[in-house]
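[1] here's a sequence, model it:
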Amino acid sequence: MSSNLASPTKSPKSNPSAPGVIPAQGISAMLADGRIIAAAPPVPGQIQPASLDLRLGVEAFRVRASFLPGARATLAERLADFEMHRIDLRDGAVLEKGCVYVVPLMESLALPAGVSAVANAKSSTGRLDLFTRLITDRGAEFDRIAAGYHGPLYAEISPRSFSALVRPGMRLNQIRFRQGSAVLDDDALAALDADEGLVDGEAHIAGGLGFSVDLEPRDDDLVGYRAKPHTGLIDLDRIGYYDPADFWEPVRTRAGRVILDPGAFYILVSREAVHVPPDYAAEMAPYLAMVGEFRVHYAGFFDPGFGHAAAGGAGARGVLEVRCHEAPFALDHGQIVGRLVYERMAERPEILYGRDLGSNYQGQGLKLSKHFRT
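    This next block holds a predicted model:
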């Protein structure tokens, strides 16, 4: 990792109305003044450096298909077309693998005209292959909330590899708020890399910071994990509890290549160690479809301080949640599979990923979700 990584970052003058991603202290203010409405008081750790964790409500709707309300309808108005039955979550309930559920969330929004939002699954959610997306009333896209939106929020949850036991208040996805747009173009990203050292090697910058897959074994031939097809369920409240061997099979190679099976779910890791300075946030985006028919992320937020030396990191590799489509695909070591899009923060967060939060994945390498024993 570049020696630049440990250098102090230059904080811009604080300006809560500046364009950019709204930090933790701004989210606290939004909760206080009613721009974010919560059915229950926020819990410790719910406010992240650049996002807010969203909590499951008390019931779920089993639906026969994924759907969007569309521009002319609320979700409640469309639900009658798809609902199969309702599930009370208060004593815990199993969301079964291969099924689709809609869960009203405890948080709703009353955003001002200049503030929009984007949602994403939390890291542990993605690593469990719990496909989770946000829905709004009159929404025509998943995970995108228009500026000025007033209304409830819903999570669509589809367990792909493992059935999951859930309860009200669990946090499977998170929301990031933006004032205007502050995405760094390639020139600005190259300048930031020159100042801060965003990766521990040459930066591949084209529509974001490219990253590649690491299929070169270290001490042995282990390069990843593949979800087993028939397993027990996972109670999401049990941390460090499950034996990985009951749910995962190792992926091994000495040739620097793995062949992905269609429909199988893999945990791999990026070759690059990534750094997100405190005045910036990043989001993982898929690479061009022309490189192969596979998806390389399900949980894509990288918070300010991720891999930052002053926040307890020295660069952190990105864990890749990979599913191949259509046909078997040969993935080679060093192949570029995704990109990180960086944005400016509206102001520096008062808390950073890692140092201030005891974050589970600071300084990570190849790592399963926090539910598994290490």
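[2] pLDDT-wise, which helix or strand of this structure ranks last?
    In the chain, the helix or strand scored least confidently by mean pLDDT, DSSP states H and E is strand 294-295, which has a mean of 66.
[3] so after it, what's the next helix or strand?
    Helices and strands here follow DSSP states H and E; after strand 294-295, the next one along the chain is strand 301-302.
[4] what are the pairing partners of that next one, and which direction each?
    Paired neighbours of strand 301-302 in the sheet (DSSP bridges): strand 280-286 (antiparallel).
[5] in the strand or helix carrying L31, which residues are buried?
    Taking DSSP H and E as the definition, L31 sits inside helix 24-33. Buried residues in helix 24-33, counted by 16 or more other C-beta atoms under 10 Å: A24, Q25, G26, I27, M30, L31. In short, each C-beta sits where N, CA and C put it, glycine included.
[6] what segments of the stretch 201-350 of the chain are strands?
    Assigned by DSSP state E, counting those that start in this stretch, the strands in the stretch 201-350 of the chain fall at 204-205, 209-212, 222-227, 234-235, 248-252, 257-260, 265-274, 280-286, 294-295, 301-302, 316-324, 329-332, 336-344.
[7] chain center to the fourth one, what's the gap?
    Averaged C-alpha coordinates place strand 234-235 at 19 Å from its chain's average position (C-alpha atoms, centre = their mean, to the nearest Å).
[8] please name every helix or strand in contact with it.
    Judged by 3 or more C-beta pairs under 8 Å, 6 or more residues apart in numbering; DSSP states H and E, strand 234-235 is in contact with strand 164-166.
[9] in the helix or strand following the strand it packs on, which residues are buried?
    Following strand 164-166 in sequence order, the next helix or strand is strand 171-179 (DSSP H and E). Within strand 171-179, the residues scored as buried using 16+ other C-beta under 10 Å are R171, L172, N173, Q174, I175, R176, F177, R178, Q179.
[10] let me know whether the last one touches P19 as I believe.
    The reference is to Q179. Yes. Using C-beta atoms under 8 Å, Q179 is in contact with P19, at 5.3 Å.
[11] need the overlap of contacts for these two.
    A346 (C-beta atoms under 8 Å, 6 or more residues apart in numbering).
[12] with just CA atoms, put stretch 158-166 into CSV.
    Extracted in CSV, the C-alpha atoms of stretch 158-166 (Å, rounded to 0.1, in the frame of the first residue of the first chain):
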residue,chain,number,x,y,z
SER,A,158,-35.3,-13.0,-1.8
PRO,A,159,-33.0,-15.5,-0.1
ARG,A,160,-31.0,-17.2,-2.8
SER,A,161,-28.7,-19.6,-1.1
PHE,A,162,-29.8,-19.9,2.5
SER,A,163,-33.2,-19.6,4.3
ALA,A,164,-33.0,-17.0,7.0
LEU,A,165,-34.7,-16.5,10.4
VAL,A,166,-35.6,-12.8,10.8
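[13] residue ranges of the helices in the stretch 101-250 of the chain, please?
    Taking DSSP state H, counting those that start in this stretch as the criterion, the stretch 101-250 of the chain carries its helices at 123-127, 186-196.
[14] those: which one's closest to H325?
    For H325, the closest of the helices of the stretch 101-250 of the chain is helix 123-127, at 17.1 Å, according to C-beta to C-beta.
[15] tell me the mean pLDDT for the closest one?
    Summarised as a single mean, pLDDT over helix 123-127 is 91.
[16] now stretch 175-188
    The pLDDT scores in stretch 175-188 average 95.
[17] just the buried residues of strand 171-179 now: which is nearest A121?
    Lowest distance from A121 to those (C-beta to C-beta) belongs to N173, with 5.1 Å.
[18] contacting residues for the closest one?
    D53, L54, A119, N120, A121, K122, T125, T132, R133, L134, A155.
[19] for it, give its distance to P104.
    Relative to P104, N173 is positioned 13 Å away (C-beta to C-beta, to the nearest Å).
[20] kindly report the same for G98.
    According to C-beta to C-beta, G98 stands 22 Å off from P104.
[21] who has more neighbours out of those two?
    P104 (20 against 9; other C-beta atoms under 10 Å).
[22] apart from its neighbours in sequence, what residue is nearest the more buried one?
    Take P104 and drop its neighbours on the chain: the residue closest to it by C-beta to C-beta, 6 or more residues apart in numbering is G57, 4.3 Å away.
[23] could you say which helix or strand contains R86?
    Using DSSP H and E, R86 falls in strand 83-88.
[24] give me the residues contacting the following helix or strand past that strand.
    Per DSSP H and E, the first helix or strand lying C-terminal to strand 83-88 is strand 93-95. When contacts are defined by C-beta under 8 Å, 6+ apart, strand 93-95 is touched by residues A60, I87, Y101, L130, I157, P159, S163, A164, L165, V166, R167, L233.
[25] for the third one, give the beta-bridge partners.
    Each beta-bridge partner of Y101 is listed here: R62, I157, as defined by DSSP bridges.
[26] correct me if wrong: it contacts S163.
    No. In this structure, Y101 is not within contact of S163 by C-beta under 8 Å, at 11.4 Å.
[27] circling back to that earlier point, with pLDDT and distance to A203 added, can I get the buried residues of helix 24-33 in CSV?
    Shown next, in CSV, are those (pLDDT from 0 to 100; distance: C-beta to C-beta, whole Å):
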residue, pLDDT, distance to A203
A24, 96, 28
Q25, 96, 30
G26, 96, 29
I27, 97, 30
M30, 97, 34
L31, 97, 37
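[28] show me which of those is closest to D185.
    The shortest approach to D185 among the buried residues of helix 24-33 belongs to G26, at 24.1 Å (C-beta to C-beta).
[29] how close does the closest one get to R348?
    Separation of G26 from R348 (C-beta to C-beta) stands at 11 Å.
[30] what mean pLDDT does stretch 219-236 get?
    93.
[31] ditto for stretch 69-86
    Stretch 69-86 comes out at a mean pLDDT of 96.
[32] thank you, goodbye.
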